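Student: Just a sequence and a predicted model for now, questions to come.
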Amino acid sequence: MAVKRSKALAVSVGLSVLFLIVYGGCNWITARRANVGTFYFEWERGIPFVPFFILPYMSIDLFFVTAPFLCRTERELSILAKRIAAAIIVAGICFLTFPLRFAFPRPPADGWLGSIFDWFRGMDAPYNLLPSLHAALMLILLDVYLRNTRGLIRIAITVWFVLIALSPVLTYQHHLIDIVGGFVLAALCFLIFRDRDLFSPQSEPELNNPRSPL
């Protein structure tokens, strides 16, 4: 059954609200704790800080709210919603169970990128690290966009998602262990909420339909 735009909108809004409540709530609670620890490798101090990557880092929000509208069936939309909701809830439990903070100071950024960083850091407290929800959502969203795009658009999205994947480390938002944890979380969501129909032979005509979204 094709997805109604009203249902896709409801899922997009609902998941956004869930994210804001869980992520913001965990940050609020942990900010009031004492002695929040760190977990990183000393050699990570040699990773360069690249201010440009704040743009792909923040762009995941746009992909997040748009993804439900790419789903072609209610089942596909349901699977996406379950994966994202599970990732958010499990990550929230982890954030409260073993909160972490980024281990070393982030260098200042100049110019308009610096202004974006200042605005962003005013909203995003550095406590929700392991597992990286950013990394988990990146993989879950990438799956949706690759299945529902083709040609140059698919290539462009793939390249941009590579930048999104690199951005948490190059903007000093996450340590590498957080990214690994996020990938594990995404893998668990794919394992628990599987939909073999999306890649079955019967679905190929639909995937190659010229009337596909993108």
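Tutor: Yep, that arrived.

Student: what about stretch 96-114, distance to the chain center?
Tutor: Relative to the chain's own centre, stretch 96-114 is displaced by 17 Å; criterion: C-alpha atoms, centre = their mean, to the nearest Å.

Student: any chance you could map the helices in this structure?
Tutor: Along the chain, the stretches classed as helices by DSSP state H are 5-30, 54-66, 74-97, 111-123, 133-147, 151-170, 176-192, 204-207.

Student: who are the neighbours in contact with the residue most central in space within the chain?
Tutor: Nearest residue to the geometric centre of the chain (C-alpha atoms, centre = their mean): Leu137, 2.9 Å. Residues in contact with Leu137 (C-beta atoms under 8 Å, 6 or more residues apart in numbering) are 60, 64, 84, 87, 186. Placement of C-beta: from N, CA and C, glycine included.

Student: and with 6 Å instead?
Tutor: By C-beta atoms under 6 Å, 6 or more residues apart in numbering, the contact set of Leu137 is empty.

Student: repeat for Tyr127
Tutor: Contact analysis of Tyr127 by C-beta under 6 Å, 6+ apart lists 27, 30, 99, 101.

Student: how does it look with 7 Å?
Tutor: Residues near Tyr127 by C-beta atoms under 7 Å, 6 or more residues apart in numbering: 27, 30-31, 36, 95, 99, 101.

Student: out of everything not next to it in sequence, what's closest to it?
Tutor: Closest residue in space to Tyr127, ignoring its immediate chain neighbours: Thr30 at 4.0 Å, by C-beta to C-beta, 6 or more residues apart in numbering.

Student: Equivalent analysis for Leu18, please.
Tutor: Spatially, and ignoring its direct neighbours in sequence, Leu18 is nearest to Ile88 (5.6 Å; C-beta to C-beta, 6+ apart).

Student: Can you get me a residue count around that neighbour?
Tutor: Applying other C-beta atoms under 10 Å, we find 21 residues neighbouring Ile88.

Student: Ok, Gly46 next?
Tutor: Residues near Gly46, counting by other C-beta under 10 Å: 6.

Student: quick thing: my sequence starts at 37, can you match it?
Tutor: Done: numbering now begins at 37, and the last item shifts to Gly82.

Student: separation between it and Ala139?
Tutor: Gly82 sits at a distance of 13 Å from Ala139 (criterion: C-beta to C-beta, to the nearest Å).

Student: Also Gly61?
Tutor: Distance of Gly61 to Ala139, computed by C-beta to C-beta: 24 Å.

Student: When those two are compared, which one has more neighbours?
Tutor: Set side by side, Gly61 and Ala139 show more neighbours around Ala139, with 17 against 13, by other C-beta under 10 Å.

Student: Isn't that one up against Gly73?
Tutor: No: if you go by C-beta atoms under 7 Å, Ala139 and Gly73 don't touch, sitting 9.3 Å apart.
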